[in-house]
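Asks: Predicted structure and sequence below. I'll ask about it afterward.
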Amino acid sequence: MHAPVGRGPTGLAPINGARMFNYALRRILYSVPIAVGVSLVCFLLLHIAPGDPIDAIAPESASPQLLAELRAAYGFDRSLPVQYFSWLSNVIVGDFGTSIMTGRPVLGELANAVVNTLLLSGGAVLVGFVFGLLLGTIAGYTAGSPADRAATAFAVAGISVPNYWLGLVLVVIFAVNQDWLPAMGMGQGAPFLSWANLRHFVLPVIALSVIPAGIIARSVRGTVAEVRKQEFVQTLHAKGLSPFRVFIHVMKNSAPALLAVMGLQLGYLMGGSILVETVFSWPGTGFLLNTAIFTRDLPLLQGTILILSMFFVVINLVVDLAQALFDPRIERN
Amino acid sequence: MNATTGNTEADRKAGLEQPILAAENLKKYFPLGGSFFRSQTAYVKGVDDVSFDVRKGETLGIVGESGCGKSTTARVLIRLLTPDSGVVRINGKVVGAPDGISVRDMRRRVQMVFQDSYASLNPRLTIEDSVTFGLRANGVPKKAALEKAHEILGLVGLEPDLFAQRYSHEISGGQRQRVNIARALALSPEVVILDEAVSALDKSVEAQVLNLLQDLKQSLDLTYVFISHDLNVVQYVSDRVMVMYLGKSIEIGPVEDIYARPLHPYTRGLLASRLPMDPRRRVQSAPVTGDPPNPVNPPSGCRFRTRCAWAEHVCAQREPQLTEARGAHRVACHAHIPGSGHSGPAKWEGVDAD
Amino acid sequence: MNTPTSTQAAASGSDIPRARISRSFWHSVARRLSRDPVTIACTTVLLVIALVAVFAPVIAPYDPYKTSILVRLAPMGHPDHLLGTDELGRDLLTRLIYGARTSLFMGFAPILLATLIGGTLGIVAGYAGGATNMIIMRTIDVFYAFPSVLLAVAISGVLGAGIFNSLVSLTLVFIPSLARVGESVTTQVRNQDFVVAARATGASDWQIIRGHVLSNVVGPVMIYASSLVSVAIVLASGLSFLGLGIVPPEAEWGSMLSTLRPAIYIAPMNAILPGIMIFVTSMCANLISDGLRTAMDVKV
């Protein structure tokens, strides 16, 4: 839900092939303070919450003595830095605490949800990529024509539409008016590659894919129109290469940038699928987040946010490294 | 002049011959960008121990190849760069010293015109706003600043009614440089540093702007430090000339002297590389060949020796200091320093200046 | 030495173009925008929605909070209710009109605040450079490392629902990217000759920022901020849809979508109606931003 801007850390020098290792090391090292900062924000979130966090944990009728015991048990009686470091050292070994609602470890609750969200987001990015590529290529090749206008309008619509509302509209069309596709949940127990399972993916994946589709379409349109003007493409045409072969050449040139856009979109969707997941009652991290917020299950909330944001940090890192690997000329600044 | 006690240097210089602007042992080194793993150890010696005086009413030309430290010197003079050591004096008062003159006051007396006429004007401001900016920043009320700006625009030959409201992209390069001159003059400075101020202009426009500069100098009683790589232009405008090589001042003296009887082999090479008007006299002496050495790691002793036809043992041993050769003409070359151990200069076969 | 007077030198300035009306950057941007039909159409739509929002009490046919058990979920085209009614029998047209107030406010206010705060941080960081830049930008990087929706949901989820909390959380979400744009443009501008020349006049940092930096940074930051308006509109209504933003019975498009959601099986048209408003508003904001970007891409 965010237009891609010049992402990538500031202040890191461009690289050439020989410096790749050096760059990779620096880029990884750069992620460490970011990751620490992110964990600190996640930790502090719990403490900016209005009221005493213990109120969320303790039963309403708890005696002062029980409150004090609970406070000590959760470590709320210690100073913030001490709490942070003990929390962090637990988190690093995978101990995210215990969900207040279910009484089970947060990590266990998260594991399934993360997989479900990843399936949904991954599917949406793939679908979005295919549609975006199609729209963008048409628009870029026919720049200025009515076809370009239509494709571009479609792309802007994709970026502008509230995807949760699109989900509702899809439900109305395909699940209410026609009973073609399910409106809620995942396939229960059906094998992953069976239609009984996959049909559950169709509507949420489409709803989630419009933003990446729009963004990729715009970026493809830009590159195609730009690259087509360049000399080497005109040379290829002059050499008598078929338009398709020329297209492949053009795409090869813009592939690293497109991969980067896709990677980042996966990260945004992972963190932003909460709305669509809510519409489709999808048992993913968004659903978990929703539950955690409305039951004030703070450990669960904290753990979910931490996992999703760390995922985003890692994706950013991978995207930058991959881009540097594929296209060493890229100036990252 | 009320020199403060203890400031004996200033006392000594507070005589009749006191220069309006003086640089004393200026040094400015640039650290080479260290990376994450490397700490900064190497330096480019942009300006390395340079001293010179500028007298009231004169034009001091500074010449040299690109990268020789001309522009860095200019920027240190006007304190856009802080010198690593050495001082700049205005009328004998040390710039930035507690008992001297503040940087802000110095900038009211010394102004600068930059080479890139386009980049040195804010594209979002009208010409009038660009010229008034310095005045407004120095507390001149808006109306007075506007009046002054219009007056100065008229002085530099830009009719205010026609140009004041325009933007920099709407006028030509020559006109833009006139605006930059007006901007520098708005604060009524005594010294103007012209850093390659006409180098980017077409030859015909260059001549117009040079003439304008000469006129302004007369009518406004200005002193110029004129920096350029163009030997002809420097000869045309300067009273005295300083030649720089790799951050060092290697020769300084009256313009006729430098051009007619250059002493330093580098100056000779530079002058010989000019195309003379008379084709029969073209290229008689070998001009300077090759590229300047790496400024990070300059040659030992004399920095020019790697390109010098006269280089001898002593040149690698000791660094030559600026030494008086003929009156006010000073040169840093062992060949001209008696008792340096050098066998002496070769005969000057260059083209005499006309 | 041949020395013509300065006026002669000027007169010979062979290159004085004939006087034509001089145009400032913003002048030419406005002129370009006024020739772009898409931008004009979208601006008109947004202006109409804004006017309707402002004059809601005069225009709206009903009281937005007046419920009626008798006409719940009346379909579109109902004789008394042009756009039908919601699950509590409130007039949908009325609620959409009142909803425009909160929805537009939540689209623009956070961007305005974030532009002021983020832009200032970026300009300070970019102009100061060095350690100041380091401290500000590395902190910004941490917040930038959160996906925007997640950050908004997290902050709102922790602070609780309500218009003020949503404003805080959305503003925080948009500060980092705006600060980054501000910082990178300022860093570029700071090293340009005209800033160096301004320093050489003895002007203070504040005077230089006001006189030279701002005029060049405002444009790019504004373009970027305008592209975020649609994101803010969608995100704000999304928060309300989740129950983390504007809470019922207050009319707001996202929150209306949320309360009408169970009615999707009975009166689907009513249920999706508020979303159309969000879509149209966000689309117009996006297209205006595109127009602005094109119009500002003037080579001057």
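Replies: Perfect, I can see it now.
Asks: Who are the contact partners of the one residue in the stretch 151-300 of chain A that gets nearest to chain B?
Replies: Going by CB to the nearest CB, chain B is nearest to residue A:260 of the stretch 151-300 of chain A, at 23.0 Å. No exception for glycine: its C-beta is placed from N, CA and C like everyone else's. Counting by CB atoms under 8 Å, 6 or more residues apart in numbering or on different chains, residue A:260 makes contact with A:7, A:319-320, A:322-323.
Asks: now, which of those residues sits nearest chain B?
Replies: The closest of these, once distances to chain B are taken by CB to the nearest CB, is residue A:320, at 15.5 Å.
Asks: so, in contact with chain C or not, the helix or strand hosting that closest one?
Replies: Residue A:320 belongs to helix A:298-326 when assigned by DSSP states H and E. Yes - against chain C, helix A:298-326 shows contacts by CB under 8 Å from any CB of the partner chain at A:301, A:305, A:308-309, A:312-313, A:316.
Asks: Stretch B:242-261 now?
Replies: No - residues of stretch B:242-261 are not located near chain C by CB under 8 Å from any CB, the shortest gap being 12.6 Å.
Asks: got the end-to-end distance for that stretch?
Replies: 14 Å (CA to CA, to the nearest Å).
Asks: ok so, going back, average model confidence for the helix holding residue A:320?
Replies: Helix A:298-326 comes out with an average pLDDT of 88.
Asks: residues in contact with the nearest residue to residue C:203 once chain neighbours are set aside?
Replies: Leaving aside its chain neighbours, residue C:203 sits nearest to residue B:137 (3.4 Å; criterion: CB to CB, 6 or more residues apart in numbering or on different chains). Residue B:137 makes contact with C:198, C:201-204, C:207-208, C:211, according to CB under 8 Å, 6+ apart.
Asks: can you list these in a markdown table and add neighbour count?
Replies: Listed next are those as a markdown table, based on neighbours: other CB atoms under 10 Å in any protein chain shown:
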| residue | neighbour count |
| --- | --- |
| C:198 | 24 |
| C:201 | 24 |
| C:202 | 23 |
| C:203 | 23 |
| C:204 | 11 |
| C:207 | 18 |
| C:208 | 22 |
| C:211 | 23 |
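Asks: out of those residues, who's nearest chain A?
Replies: After measuring those against chain A - CB to the nearest CB - the closest member comes out as residue C:208, at 22.6 Å.
Asks: Which secondary structure state does that closest one sit in?
Replies: helix (DSSP: H, G, I helix; E, B strand; the rest coil).
Asks: is it true that residue B:45 lies in a helix?
Replies: No - secondary structure of residue B:45 (three-state DSSP): strand, not part of a helix.
Asks: gap between residue A:147 and chain B?
Replies: To chain B, residue A:147 is 36 Å away according to CB to the nearest CB, to the nearest Å.
Asks: Centre of the chain to the helix or strand hosting that residue, how far?
Replies: Here residue A:147, judged by DSSP H and E, is contained in helix A:146-160. For helix A:146-160, the separation from the chain centroid amounts to 23 Å (computed by CA atoms, centre = their mean, to the nearest Å).
Asks: any idea which of the contacts of residue A:260 has the most stuff around it?
Replies: Sorting the contacts of residue A:260 by how many neighbours each has (other CB atoms under 10 Å in any protein chain shown) puts residue A:320 first, at 24 neighbours.
Asks: ok, whichever residue of the stretch 151-300 of chain B sits closest to chain C to residue B:166 distance?
Replies: Residue nearest to chain C within the stretch 151-300 of chain B: residue B:157 (2.3 Å; CB to the nearest CB). Going from residue B:157 to residue B:166 by CB to CB, to the nearest Å gives 14 Å.
Asks: shaky segments in the chain?
Replies: Just so you know, I chose chain A. The model of chain A has pLDDT under 70 over residues A:1-19, A:50-53, A:55-60, A:187, A:189-190, A:231, A:327-333.
Asks: hmm, I had chain B in mind actually
Replies: Scanning chain B with the threshold set as pLDDT under 70 gives B:1-17, B:33-41, B:275-287, B:347-354.
Asks: Please enumerate the helices of it.
Replies: Along chain B, counting by DSSP state H, helices occupy B:8-13, B:70-77, B:103-109, B:127-137, B:142-155, B:160-163, B:173-185, B:203-220, B:231-237, B:255-260, B:265-272, B:313-317.
Asks: Including distance to residue A:227, could those helices go into TSV?
Replies: Output for these, formatted as TSV (distance: least, CB to CB, whole Å):
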stretch	distance to residue A:227
helix B:8-13	65
helix B:70-77	39
helix B:103-109	49
helix B:127-137	40
helix B:142-155	47
helix B:160-163	43
helix B:173-185	34
helix B:203-220	40
helix B:231-237	45
helix B:255-260	55
helix B:265-272	47
helix B:313-317	55
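Asks: Select, out of the ones you listed, the one closest to residue B:42.
Replies: helix B:70-77 (16.8 Å; CB to CB).
Asks: now for the closest one, which elements pack on it?
Replies: Here helix B:70-77 touches strand B:21-31, strand B:43-54, strand B:59-63, strand B:191-195, strand B:223-227, going by 3 or more CB pairs under 8 Å, 6 or more residues apart in numbering or on different chains; DSSP states H and E.
Asks: Stretch A:67-76: which residues count as buried?
Replies: A:67, A:70-71, A:74, A:76 (16 or more other CB atoms under 10 Å in any protein chain shown).
Asks: Can that stretch be said to contact chain C?
Replies: No - remark: stretch A:67-76 sits outside contact range of chain C, by CB under 8 Å from any CB, the gap being at least 15.9 Å.
Asks: okay, stretch C:79-91 in CSV with CA atoms only?
Replies: Included here for stretch C:79-91 are C-alpha records, laid out as CSV according to Å, rounded to 0.1, in the frame of the first residue of the first chain:
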residue,chain,number,x,y,z
PRO,C,79,-38.8,6.7,-2.4
ASP,C,80,-37.6,8.2,0.8
HIS,C,81,-34.0,7.2,0.7
LEU,C,82,-32.2,7.8,-2.6
LEU,C,83,-29.3,5.5,-1.8
GLY,C,84,-31.1,3.2,0.6
THR,C,85,-30.5,2.8,4.3
ASP,C,86,-28.0,0.9,6.4
GLU,C,87,-28.4,-1.9,8.9
LEU,C,88,-30.0,0.4,11.5
GLY,C,89,-32.2,2.2,9.0
ARG,C,90,-30.1,5.4,8.8
ASP,C,91,-30.1,7.2,5.5
